[in-house]
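Asker: kindly return the folded structure for what I paste below:
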Amino acid sequence: MPRNNPRPPQHRADSADSDGEGIASLHASCDRRFGRAHRRSRRHVLVRLVARHEPEVPGKERSAVQIGFAVDRSGSMCGGKLEMAKRAVGEALQQLLIKDSFAVVWFDDKAVRLEACQRATAQAVQSTVDACADVQTGGSTALFDGWNLAADTLCAAREADARARVLLITDGQANEGPSDEHQLGPAARAWRDKGISTSCIGIGDGYNERLLAAMAREGGGNDYFAATGADLPGIVGRELGEVKAVVARGAVLQVRPSPGVRVEVLSGFRNSWTGADVHVDLGDLVADQEVTVALRVTLPAGEFGDTCGVECSAILEGEPALVPAALVEWTLADARTNDSQPRDFAVDREMGRQYAARARMRAVDLNRRGRYREAAAELKQTALRIADYMAADPELRALVAALTQDAERMAVEQDEMMRKQMYTLGNYDSRSKHGDGSSRRSADRT
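Answerer: Numbers count the residues shown, from 1 in each chain. The predicted structure is shown next:
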């Protein structure tokens, strides 16, 4: 197989645009450097992308924010959850600047907008807080209508340079109007294409975590699990902080394989095949955010000495980012060379986390459907797979032990809170998030 010649790094024509410099670095590494000649072999690639640092400069203003709150007030929001949601919205509004704008929508079986999108003046904020105080719990959950009205309200007042996001807060199932992830996911994607991203917060054990995760993934935002209503103010505050800290909008990792190479994305990001490249949709990135993308690569069955590879580059808002591409190459060799080659344990660790994340989310689904043996088997098989070739590392041995314990739990029926916790653990790990749902930053590793 001929060598795959890498393309030179591409640059935006408008290099003065700060968004074009939103990516600080892009690095790719693989677990092993050799593949097997005369047979297909599988290797793993870890791509690490870091958003630019945004130092705090006195007097320097951040970009404007447009935030829409779509908040559930259905009957299940009783018991203090509604009051905590009001508090969370009120505290978030107090953090806005006059140049920011906001809208608040409450929904049960109907969606009600308090006001059109308005500037965050002291008077507007106080008026909205007062109006929220009068909101009471109601009927069923028209989740789509509430979220869509909030997005439509922002769209009507859209400002090109502002960071626009809808934050959906709910504790229940969507039981009025569109309710399926295959309906709401594409709808969130459509709003994102218009410049409005979506983040979601699910409260307690009654909401559909797969639905909210799909909306956030397709909508370019974040999804969070709030065990109780008391968690809402902190989560909403962190989310608003991330919206204000966005430095790179519409980030995409582009992976171009050489002929005969197949690429599968293991991480939990939306991805698609364009015919020439794999596009991994990373959403909006905040200052210093570090995103890792795990790839499983199948190499072709070539001759001894042949080389093949993948080239990784970044795209921002449809244009190449101002960061050099990263090329990973393999040489096809004999069995002895392959069996004796060293491994990159940093790559192995991340691959282990990604396989564990996928197994945990699948096990939750199986346990919920009463397929307890299959749920346990999913976790046990993943633990054995990691132990088989990654167990020399202490961190991965600990992961194997944790998966084995998870398998014992999922071998019997679990309550919804346990399922939510395990799904959330897998979901966060698959998308480079901390345990509280916040973005990982490059400084976290120092």
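Asker: under the pLDDT cut-off, which ranges of the chain? List them.
Answerer: Residue ranges of the chain with pLDDT under 70: 1-20, 56-59, 390-391, 445-446.
Asker: ranges for the helices of the stretch 151-300 of the chain?
Answerer: Applying DSSP state H, counting those that start in this stretch to the stretch 151-300 of the chain gives helices spanning 181-193, 209-219, 232-244.
Asker: contacting residues around the first one?
Answerer: Outside of helix 181-193, the residues within contact range by Cβ atoms under 8 Å, 6 or more residues apart in numbering are 143-144, 147-148, 151, 155, 166, 174, 178, 197-198, 208, 210-211, 214-220. C-betas here are computed from N, CA, C, even on glycine.
Asker: try stretch 274-285
Answerer: 22-23, 49, 51, 163, 197, 217, 220-221, 246-257, 263, 265, 267, 269-273, 291, 293, 315, 439.
Asker: mark which of the residues you listed are buried, thanks.
Answerer: By neighbour count, with 16 or more other Cβ atoms under 10 Å, the contacts of stretch 274-285 hold 22-23, 49, 51, 163, 197, 217, 220-221, 246-257, 263, 265, 267, 269-271, 291, 293, 315, 439 as buried.
Asker: re earlier: which members of the contacts of stretch 274-285 occur in strands, if any?
Answerer: Judged by DSSP state E, the subset of the contacts of stretch 274-285 located in strands is 23, 49, 51, 163, 197, 220-221, 246-257, 263, 265, 270-273, 291, 293, 315.
Asker: one step back: for PyMOL, write the select line for the buried members of the contacts of helix 181-193.
Answerer: Those of the contacts of helix 181-193 that count as buried under 16+ other Cβ under 10 Å are selected in PyMOL with:
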select buried, resi 143+144+147+148+151+155+166+174+197+198+208+210+211+214+215+216+217+218+219+220
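Asker: mind checking how far the residue lying closest to Ser272 once chain neighbours are set aside is from Pro55?
Answerer: Nearest residue to Ser272 in three dimensions, chain neighbours excluded: His279, at 5.3 Å (Cβ to Cβ, 6 or more residues apart in numbering). Using Cβ to Cβ, to the nearest Å, His279 is found at 31 Å from Pro55.
Asker: more crowded one of those two?
Answerer: His279 (17 against 6; other Cβ atoms under 10 Å).
Asker: is the more buried one in a bridge, and if so with what?
Answerer: Legend: beta-bridge partners of His279 under DSSP bridges are Gln254, Ser272.
Asker: look up how far Arg270 lies from it.
Answerer: Noted for His279: a distance of 9 Å to Arg270, by Cβ to Cβ.
Asker: identify the contacts common to the two.
Answerer: Joint contacts of His279 and Arg270 (Cβ under 8 Å, 6+ apart) do not exist.
Asker: double-check Lys99 against Glu159; I have them as touching.
Answerer: No. Using Cβ atoms under 8 Å, Lys99 makes no contact with Glu159, being 9.3 Å away.
Asker: so for those two, which residues contact both of them?
Answerer: Common neighbours of Lys99 and Glu159 (Cβ under 8 Å, 6+ apart) are Ala64.
Asker: so these two - more neighbours on which side?
Answerer: Counted by other Cβ under 10 Å, Lys99 and Glu159 do not tie: Glu159 has more neighbours, with 17 against 14.
Asker: what distance do you get for that one to Val310?
Answerer: Distance, Glu159 to Val310, by Cβ to Cβ: 38 Å.
Asker: now the host helix or strand of Asp365: buried residues?
Answerer: Assigned by DSSP states H and E, Asp365 belongs to helix 345-368. For helix 345-368, a neighbour-count test (16+ other Cβ under 10 Å) marks 345, 347-364, 366-367 as buried.
Asker: repeat that for stretch 315-323.
Answerer: For stretch 315-323, by 16+ other Cβ under 10 Å, it's 315-317, 319-323.
Asker: likewise for stretch 368-382?
Answerer: Buried, per 16+ other Cβ under 10 Å, within stretch 368-382: 372, 374-380, 382.
Asker: which residues are contacting that stretch?
Answerer: With Cβ under 8 Å, 6+ apart as the test, stretch 368-382 has contacts from 355-356, 358-360, 362-364, 366-367, 403-404, 406-408, 410-413, 419.
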